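Chemist: Here is a sequence together with a model predicted from it:
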Amino acid sequence: MEVAIRKMGNSRGVLIPKPVLAQVGLEGTADLQVRDGVIEIRPVRRNLREGWAEDAQRLAAQAGDALVWPEFANEGDEELAR
């Protein structure tokens, strides 16, 4: 969707259509960040761990949960019984 950037006082802004706001659950306040040259507007999460379970399931489904660091063995591990 192409939108116009409008002058709003000393700033610039974009009007976000009501259906788009409803679709992503934005109301009241939002979290605004710039990452890699992209402006992200997200609903404010009050519980910092909210959505972690769903994100973990999504990563596992995409095979994105592989170890980043290799497993390191400790001296004497081979002597441990399973």
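Modeler: Perfect, I can see it now.
Chemist: drop to CA atoms for contacts and neighbour counts, all remaining ones
Modeler: Noted.
Chemist: Distance check, E40 against V3.
Modeler: 15 Å (CA to CA, to the nearest Å).
Chemist: what's the residue lying closest to R42 once chain neighbours are set aside in contact with, if anything?
Modeler: Here the nearest residue to R42 in space, its sequence neighbours aside, is D31; by CA to CA, 6 or more residues apart in numbering that works out to 5.1 Å. Taking CA atoms under 8 Å, 6 or more residues apart in numbering, we find D31 in contact with 40-44.
Chemist: how about JSON lines for those, with neighbour count added?
Modeler: Shown next, in JSON lines, are the contacts of D31 (neighbours: other CA atoms under 10 Å):
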{"residue": "E40", "neighbour count": "11"}
{"residue": "I41", "neighbour count": "14"}
{"residue": "R42", "neighbour count": "15"}
{"residue": "P43", "neighbour count": "15"}
{"residue": "V44", "neighbour count": "15"}
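Chemist: which one of the residues you listed sits closest to R58?
Modeler: R42 (18.3 Å; CA to CA).
Chemist: roughly how far is the helix ranked longest in the chain from the heart of the chain?
Modeler: Using DSSP state H to define each element, the chain has its longest helix at helix 52-61. Here the centre of helix 52-61 is set off from its chain's centre by 12 Å, with CA atoms, centre = their mean, to the nearest Å.
Chemist: Can you show me the CA trace of it as PDB?
Modeler: Provided in PDB are the C-alpha atoms of helix 52-61 (Å, rounded to 0.1, in the frame of the first residue of the first chain):
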ATOM      1  CA  TRP A  52       7.700 -16.300  23.400                       C
ATOM      2  CA  ALA A  53       6.000 -19.700  23.200                       C
ATOM      3  CA  GLU A  54       4.500 -18.900  19.800                       C
ATOM      4  CA  ASP A  55       7.800 -17.500  18.500                       C
ATOM      5  CA  ALA A  56       9.600 -20.600  19.700                       C
ATOM      6  CA  GLN A  57       7.100 -22.900  18.000                       C
ATOM      7  CA  ARG A  58       7.400 -20.800  14.800                       C
ATOM      8  CA  LEU A  59      11.300 -21.000  14.900                       C
ATOM      9  CA  ALA A  60      11.100 -24.800  15.500                       C
ATOM     10  CA  ALA A  61       8.700 -25.200  12.600                       C
END
